[in-house]
Each structure stands twice: as C-alpha cells, then as structure tokens.
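S.K.: After the sequence you'll find the predicted model.
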Amino acid sequence: MNEGRGAFLRVGLLVVGGLALVVGLVWFFGGNRLSHALPFESYFSESVQGLEVGAPVKYRGVTIGRVTDLGLVTAEYGRRNTPTEFDRQTYRLVFVRFAVDPRSIGLPLGEADVADSVKLGLRVRLDSQGITGLTYMELDFVDPTTYPAVEVPWTPRDPYVPSMPSTLLQVKNGATEFLAKLNRVDIDALSTSLLGLLTELRANLDHGDVHLTLSRSSELLRTLNDSVQAADLPGLTADLRRTSGTVRDLAASGDLHRTLANAALASDRLAAASTRLGPLIAALQAVAGRTDSGVADLVQELLPVLRDARSVVANLRDATDELRRYPAQTLLAEPPPRPRDKAK
C-alpha cells in the first residue's frame, strides 16, 4: 500500500512540475513579447466565427501579433448608453482587440503613427487558411476612398484601426446581390419572349426575308465562282508574273540607266539654256527695235529718189514713144538752136 501511494505521489509531483514548466515557458516567451506589444482594436460587421484569442495577426502573410480579446460592442461600450441608442448600426458590431509587436515590424509605433497609417489606407480584415482553416486577422494598405473608416460614437479604449470586409464576405455579398437581381427578373415572361423570338426566326429561315437573302447569297456565290473560273485567274497570275519579271529586267538593264542619265543630262542642259534664253530674247527685241527705226529712216530718204526715178521713167517713156512714131525726125533733125542764136 505504501509503495502504491508513493508511486501516485511521484506521478502527481511529475505532472505538477511539468505544468509549472509549461506555464513558465509560456510566460517567458509569450509574456516577454506581450510586454513590448502595442494594443489595438477594430470593429467588424460580419461574423468572426473561427477567430479565437491567440489567433495570429499578419501583415501580408508575416505574423506580427496576436488576438487578445473579442466580444460584442453592446457589452463593452453599451452599458452607459440608453436602450434607444442600441438601434444604431454601430452597436451591432463585434470588437476585436489585438497586440502587435513593434520589433517584428522594425519601426516604432505610436498613436500619431497609427492615425497617419489609417489615413493612408491601413485596414484590418478577417481571413482564413484555406476553406476550412483557422481564421486570423490580416493588416494591409488599401484605397481609403473605397473602404472608408467607420465612425463610432464612443471613445475606443485602444488605438482604433478600421476594418474592411473579408474576401469571403465580398463574394457572399456579390452573390446575394446577383440572386436579388435574378429574383427581380420575370423568368416566365423572358422565356415566353425567347420562344416567340425563336419561332419568328425559324419562320424567317423557312419562308421569310432571311430565307430569300440566303438564297440570293447562294446564287451570288455560285455566280462569283463561275466568274472566277471563267476569268482564268492562274493564267492571269502567270501573265502578271511574267510582266513583273520583264519590268524588273528592264529596270535592272544598263540601257535604262543610261537613258535616265542622258535624260538627266539633257534636262540640266535645257535648264542652263533656259537661263540664257531670257537675255537673248531681250537682245533680239532690242535689235528688232533698232531695225525698225533704221528701216523707217531709209524709207524717208528713198521717197524723193523714187519720185525722181518716176519722172525719169516718164520722160524716157515719152522719148521712146517719139522715137517709135518719128524715127527719121529724131535721127535726121537738126540740133536745136543754141541759146546765143536765139538771142540774136
């Protein structure tokens, strides 16, 4: 009996010593961290199912703290308020307090730093490890206009970090809105309209304008096919290929290059000649002017000579007439008297 009691006593002492050792280790490691941790709190309008005290607080996957407390806002801040204020939406929230170790961040934290971070978009949300995993809290920076901070009518005990809906809640809200919109749709009327549309479409395909259009399109395709076959496109393509080859050979020949060079030289010479043509035309115009003036002077001088020549021709014509009519008198007649004889 005494040996059995001693064995139970030793086992009990061993269990008590192990528990004391575990508590000491927890206090040594956890208490040392919590002594330097900074407390914060946030409020959630969704269920915190799966979130327990001691759950990790992460920043983009890195653990930086632990959850220290959670509960209902009405139990924490609603004791001094009247029952009518409990109807406000803010008193239906769930508060969660958590502690963050500044050493895991590497930056000192204060209330001013937290307020500035909240203005920049610091928010906390619930997340889970997989579909059925443990729930934890995650800090991140988001657009503050998309997820504005919720104003609360009480003074938080610890620095306040606003929350944002979890991914699961956003998916749930989206699905709920979609189902609500789907419920507002008249499925029966929509199905009736769809059946009527299908009936009209089938009738058009059988006998209506659509059937006529398809028939004409088939005829047009057949005509186009016949035209393509009659056009002998392969032969035309071969001719075009030969023509392009001839043009390519002509472009690559030396005669064409020499012709183009001679044409360029001729155009240069023509341009040079055209530059000299202006002064030449001016000189010709000046010579023509001087020639006109000289001709006019010559005409003025020749007019008296021509008149005298006309008189001489008239006298010669008279003498010729006298000689023809009276040749003997002209040849045998005495010479005319001298002027002196006429005076005597």
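M.R.: Arrived safely.
S.K.: what's near enough to touch A115?
M.R.: By Cβ atoms under 8 Å, 6 or more residues apart in numbering, the residues touching A115 are P159. Every residue, glycine included, has its C-beta placed from N, CA and C.
S.K.: Return the backbone torsion pair for V152.
M.R.: Torsion angles at V152 (phi, psi; degrees, to the nearest 10) stand at phi -110, psi 140.
S.K.: Quick check: the gap between the closest residue to it other than its chain neighbours and L212.
M.R.: Among residues not flanking V152 along the chain, T90 sits closest, at 5.4 Å (Cβ to Cβ, 6 or more residues apart in numbering). Per Cβ to Cβ, to the nearest Å, T90 is found 69 Å from L212.
S.K.: Looking at these two, which is more packed in?
M.R.: Higher neighbour count among T90 and L212: T90, with 16 against 11, using other Cβ atoms under 10 Å.
S.K.: Spell out the residue ranges of the strands in the chain.
M.R.: Taking DSSP state E, the strands of the chain run over residues 38-44, 56-59, 62-72, 94-100, 122-128, 135-141.
S.K.: So which elements touch the fifth one?
M.R.: Contacts defined by 3 or more Cβ pairs under 8 Å, 6 or more residues apart in numbering; DSSP states H and E place strand 122-128 against strand 135-141, helix 167-184.
S.K.: Of the ones you listed, flag the one that's most buried.
M.R.: strand 135-141 (a mean of 19; mean count of other Cβ atoms under 10 Å).
S.K.: do you know which of the helices and strands packed on strand 122-128 lies nearest A203?
M.R.: helix 167-184 (31.0 Å; Cβ to Cβ).
S.K.: got the CA positions of that closest one in CSV?
M.R.: Taking C-alpha atoms only, helix 167-184 is exported to CSV below (Å, rounded to 0.1, in the frame of the first residue of the first chain):
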residue,chain,number,x,y,z
THR,A,167,-12.9,38.3,-49.3
LEU,A,168,-15.5,35.7,-48.3
LEU,A,169,-17.9,38.4,-47.3
GLN,A,170,-17.4,40.3,-50.5
VAL,A,171,-18.1,37.1,-52.5
LYS,A,172,-21.1,36.4,-50.4
ASN,A,173,-22.5,40.0,-50.8
GLY,A,174,-21.9,39.8,-54.6
ALA,A,175,-23.7,36.5,-54.8
THR,A,176,-26.5,37.9,-52.7
GLU,A,177,-26.9,41.0,-55.0
PHE,A,178,-26.8,38.8,-58.1
LEU,A,179,-29.5,36.5,-56.7
ALA,A,180,-31.6,39.5,-55.7
LYS,A,181,-31.3,40.9,-59.2
LEU,A,182,-32.1,37.5,-60.6
ASN,A,183,-35.2,37.2,-58.5
ARG,A,184,-36.4,40.6,-59.8
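S.K.: got the contact list for R103?
M.R.: R103 sits in contact with H36, where contact means Cβ under 8 Å, 6+ apart.
S.K.: confidence score at it?
M.R.: We note a pLDDT of 81 for R103 in this prediction.
S.K.: any idea how far it lies from G61?
M.R.: Going from R103 to G61 by Cβ to Cβ gives 18 Å.
S.K.: Comparing the helices and strands packed on strand 122-128 by mean pLDDT, which bottoms out?
M.R.: helix 167-184 (a mean of 75).
S.K.: Just give me the neighbour total for I64.
M.R.: Applying other Cβ under 10 Å, we find 19 residues neighbouring I64.
S.K.: Could you do the one 5 residues further on as well?
M.R.: If you count neighbours by other Cβ under 10 Å, D69 ends up with 15.
S.K.: ok, and the closest non-adjacent residue to it?
M.R.: D69 sits nearest to R97 (Cβ to Cβ, 6+ apart), 4.2 Å away.
S.K.: How about the contacts made by that neighbour?
M.R.: P39, F40, E41, V67, T68, D69, L70, R157, D158.
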